[in-house]
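S.K.: Just to be clear, the model below is a prediction. Sequence and coordinates:
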Protein chains: 2
Amino acid sequence: MNIYDVSKKANVSIATVSRVLNGNPNVSDKTRAKVLAVMEQLGYTPNVFARGLGLNTMRTIGIMCSDSSDLYLANAIYYLERDLRSNGYDAILCCTGYELETKQKYFDLLCSKRVDAIILAGSKFVEMKPRDNTYILDAAAKIPIMLVNGYLEGENIYSTVCDDQAAVYQAASRLIQSGHKKLLYVYTSTSYSGSNKLQGFKNALADAGLPLLPEYIRQCRKDITAAKELFFSLKKEGLEFDAVIASDDSLAAGAVKYANTAGISIPEELSIVGYNNSILSLCSDPELTSIDSKVEALCTTTVNTLMGVFSGGNVPSRTTIAADLIKRETTNF
Amino acid sequence: MNIYDVSKKANVSIATVSRVLNGNPNVSDKTRAKVLAVMEQLGYTPNVFARGLGLNTMRTIGIMCSDSSDLYLANAIYYLERDLRSNGYDAILCCTGYELETKQKYFDLLCSKRVDAIILAGSKFVEMKPRDNTYILDAAAKIPIMLVNGYLEGENIYSTVCDDQAAVYQAASRLIQSGHKKLLYVYTSTSYSGSNKLQGFKNALADAGLPLLPEYIRQCRKDITAAKELFFSLKKEGLEFDAVIASDDSLAAGAVKYANTAGISIPEELSIVGYNNSILSLCSDPELTSIDSKVEALCTTTVNTLMGVFSGGNVPSRTTIAADLIKRETTNF
């Protein structure tokens, strides 16, 4: 017996039931009466959503991430914890790795405990096959599920995403406008975020009338040395490229090291754009032009949205934040 | 009324009371009888330590760190969470910043809640003035306090530290043996770990009969660009140095960028040793020789020690782990 049953039986949304529970005035008297009647009929006692009001709550939010030592996720966890704490919530951290089975197991473990909501940090939690996401949809019937830079459609699921597609589109277009013709795109993963970045690259080439050649789109693991080796092997293959866009700064840092070793001048002979504007962009020499994916804004918005859900407000199920292109030494635009 | 009162009244250690509570056979019959008598006399009901047995426990550990986005601490949190979870414990993360007042406030908050122990990650929690540490000593009367690479003497406080002093001593000695005479030491903080590193540097110079000149010991904030600027300003001052030992890879990465920009060849004219063997050591070009401070071993040992405390075993109050010197391209030894 939960809020989901009430919403189904009353034929209203979970958000509406939540608003009734929270005494939010933004519900018509008629709807309120219907919801309360169903609650009485079903013998429903508010628990999960009522926690948001400080009733019977542990005031604890589960944060799940694949790997908290990843540069991007480490920043995300820092900002999420900070903003949750400033709202009086504790954060239980759960690092799941990348296996679906482990992710599901830890997710169920958090759900079965005492958390008021779960935040999924990073875009590695939404799977390609819809049935692999049912465990998230099921949990959303009980507690709000917040996605940081991932997207999944479903009631009581809220996404805050960076507009990765527009960011890569902009970077690629700038490179093309400044005379580059052979753009190489290197990426680490095919997650929600990863797919959007790649789409931005493809769109920029199409809009500029440049051919889309599969050999100019390459995957590499998130590793500076592996990336450096990839560029050397591409050169050996005879592939010519005058610009690199990487889905992560680590791959861009590998491109810088490749160029430095091969005696290729940056940005005169090779322009390089990284992603995430991490510490690696400042450690690289020359420093990386990089797309700032606004992790702090994403996290602050996620927590603000969650607080809005708890107070029964009208919150958007999806918020998109624009990235910034930070120009440094690896491009001449 | 807590375990501390029992231990004082019975004139035995907290560990002994814990062993009695946990039914550990490693207590004499006489001591056991005395402790049980005091408990009855004081009307003591075991709660905190009994939690370790799964009685009335939330199986939750508080992890405090100054900043979870710091490269070293992000790794520490990852390993601590992983090892706690594999023992069936949740981790509540708490990022405190660097202000004593905030640290105390968050510490008290965790204590007042439901955690079975608190892990203080990083050496930023032990203050110079003893009275600034009383809040930690007070808490240790109730729950075990674990320090990762920090040290504080006190009952129910357990430290796992890296032998930073020996590591810097070894690196400096190697540099001296390979012909370096003007070693520059740059550091970020004067924490427990920071003091030990500096002492290692001083000892190596003293043992080699080299003078200890204050202008060769410099502080810098943990920032690649700030470090690069520091080296340029030292050069402008006319300070000559043929080797740099940095207390953190970020400062060593700054030294590499300084040398690359100034046209100084590494390692022929300048040798550089970093600390923490982080991603920055692989991003630098040439790659940094760096001291691996064994954060994974530190965290695993911390969690193992804590589990030993919970089960009432005889655990050392201080465990020291040796660092590794990882040789890469910025030194010729």
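M.R.: Received the coordinates, thanks.
S.K.: Going by C-alpha atoms from here, please, whenever you check contacts or count neighbours.
M.R.: Fine.
S.K.: who touches the residue of chain A found nearest chain B in this structure?
M.R.: Closest residue of chain A to chain B, CA to the nearest CA: A:Ile92 (4.4 Å). Residues near A:Ile92 by CA atoms under 8 Å, 6 or more residues apart in numbering or on different chains: A:60-63, B:90-93.
S.K.: Surely it is in a strand?
M.R.: Yes: secondary structure of A:Ile92 (DSSP: H, G, I helix; E, B strand; the rest coil): part of a strand.
S.K.: returning to that earlier point: buried subset of the contacts of A:Ile92?
M.R.: A:60-63, B:90-93 (16 or more other CA atoms under 10 Å in any protein chain shown).
S.K.: neighbours around the residue nearest to A:Lys124 when sequence neighbours are not counted, how many?
M.R.: Closest residue to A:Lys124 apart from its sequence neighbours, by CA to CA, 6 or more residues apart in numbering or on different chains: A:Ser191 at 5.9 Å. By other CA atoms under 10 Å in any protein chain shown, the residues close to A:Ser191 number 17.
S.K.: Please report how far A:Ser191 lies from A:Lys129.
M.R.: As for A:Ser191, its distance to A:Lys129 is 12 Å (criterion: CA to CA, to the nearest Å).
S.K.: Could I get the full set of strands for chain A?
M.R.: Applying DSSP state E to chain A gives strands spanning A:60-65, A:90-95, A:117-121, A:145-148, A:157-162, A:183-187, A:217-219, A:243-246, A:271-275, A:289-292, A:318-321, A:324-326.
S.K.: Nearest to A:Ala204, out of those strands?
M.R.: Nearest of those to A:Ala204, taken as CA to CA: strand A:183-187 at 10.5 Å.
S.K.: Would you convert the buried ones among the contacts of A:Ile92 into CSV that also reports pLDDT and distance to A:Gly238?
M.R.: Output for these, formatted as CSV (pLDDT from 0 to 100; distance: CA to CA, whole Å):
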residue, pLDDT, distance to A:Gly238
A:Thr60, 90, 55
A:Ile61, 95, 52
A:Gly62, 95, 49
A:Ile63, 96, 45
B:Asp90, 90, 52
B:Ala91, 93, 51
B:Ile92, 92, 52
B:Leu93, 93, 50
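S.K.: which stretches of chain A have low pLDDT?
M.R.: Scanning chain A with the threshold set as pLDDT under 70 gives A:1-2, A:22-23, A:43-57.
S.K.: just the helices in it please.
M.R.: Along chain A, the stretches classed as helices by DSSP state H are A:3-10, A:14-21, A:29-42, A:71-86, A:100-112, A:134-140, A:164-177, A:192-207, A:224-237, A:249-262, A:279-283, A:295-310.
S.K.: Now do the first one: which elements does it pack against?
M.R.: Using 3 or more CA pairs under 8 Å, 6 or more residues apart in numbering or on different chains; DSSP states H and E as the contact test, the elements touching helix A:3-10 are helix A:14-21, helix A:29-42.
S.K.: Identify each buried residue in it, please.
M.R.: Buried, per 16+ other CA under 10 Å, within helix A:3-10: A:3-7, A:10.
S.K.: Pop the domain breakdown of chain A in here.
M.R.: Listed by automatic domain parsing, the domain ranges of chain A are A:3-55, A:60-161+A:295-321, A:164-294.
S.K.: Now do the end-to-end distance for the second one.
M.R.: Put plainly, it is domain A:60-161+A:295-321. For domain A:60-161+A:295-321, the end-to-end distance is 26 Å (CA to CA).
S.K.: List the buried residues of stretch A:311-325.
M.R.: In stretch A:311-325, counting by 16+ other CA under 10 Å, buried: A:311-313, A:317-319, A:321-325.
S.K.: Could you pull up phi and psi at the spatially most central residue of chain A?
M.R.: When CA atoms, centre = their mean is applied to chain A, the residue found nearest the centroid is A:Asn149 (1.5 Å). Main-chain torsions, A:Asn149, degrees, to the nearest 10: phi 60, psi 40.
S.K.: hmm, who's touching stretch A:208-219?
M.R.: A:173, A:176, A:181, A:183-189, A:202, A:205-206.
S.K.: Mean neighbour count and distance to chain B for the helices and strands packed on helix A:3-10 - can I get that in CSV?
M.R.: Shown next, in CSV, are these (neighbours: other CA atoms under 10 Å in any protein chain shown; distance: least, CA to the nearest CA, whole Å):
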stretch, mean neighbour count, distance to chain B
helix A:14-21, 22, 27
helix A:29-42, 15, 31
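S.K.: now those helices as CSV including distance to A:Ile136?
M.R.: Below are the helices and strands packed on helix A:3-10 laid out as CSV (distance: least, CA to CA, whole Å):
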stretch, distance to A:Ile136
helix A:14-21, 16
helix A:29-42, 25
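S.K.: near chain B, which residues of the stretch 151-300 of chain A?
M.R.: Proximity of the stretch 151-300 of chain A to chain B (CA under 8 Å from any CA of the partner chain) is limited to residues A:224-225, A:253-254, A:257, A:280, A:282-285.
S.K.: Need the max-distance pair from those residues.
M.R.: Among those, the pair separated by the greatest distance (CA to CA) is A:Thr225 and A:Leu282, at 17.2 Å.
S.K.: more neighbours, the two?
M.R.: For A:Thr225 versus A:Leu282, neighbours defined as other CA under 10 Å are more numerous around A:Leu282 (22 against 18).
S.K.: Who are the contact partners of that one?
M.R.: A:288, B:224-225.
S.K.: now A:Ile176
M.R.: A:Ala208.
S.K.: Look up how far A:Arg221 lies from the spatially closest residue to A:Lys181 that is not a sequence neighbour.
M.R.: Computed as CA to CA, 6+ apart, the closest residue to A:Lys181 that is not its neighbour in sequence is A:Asp242, at 7.0 Å. Per CA to CA, A:Asp242 is found 22 Å from A:Arg221.
S.K.: what's the answer for A:Glu269, then?
M.R.: From A:Glu269 over to A:Arg221 the distance is 25 Å, taken as CA to CA.
S.K.: Who has more neighbours out of these two?
M.R.: Neighbour count, other CA under 10 Å: between A:Glu269 and A:Arg221, A:Arg221 has more, with 16 against 13.
S.K.: Just give the nearest non-adjacent residue to the more buried one, would you?
M.R.: Take A:Arg221 and drop its neighbours on the chain: the residue closest to it by CA to CA, 6+ apart is A:Thr188, 5.3 Å away.
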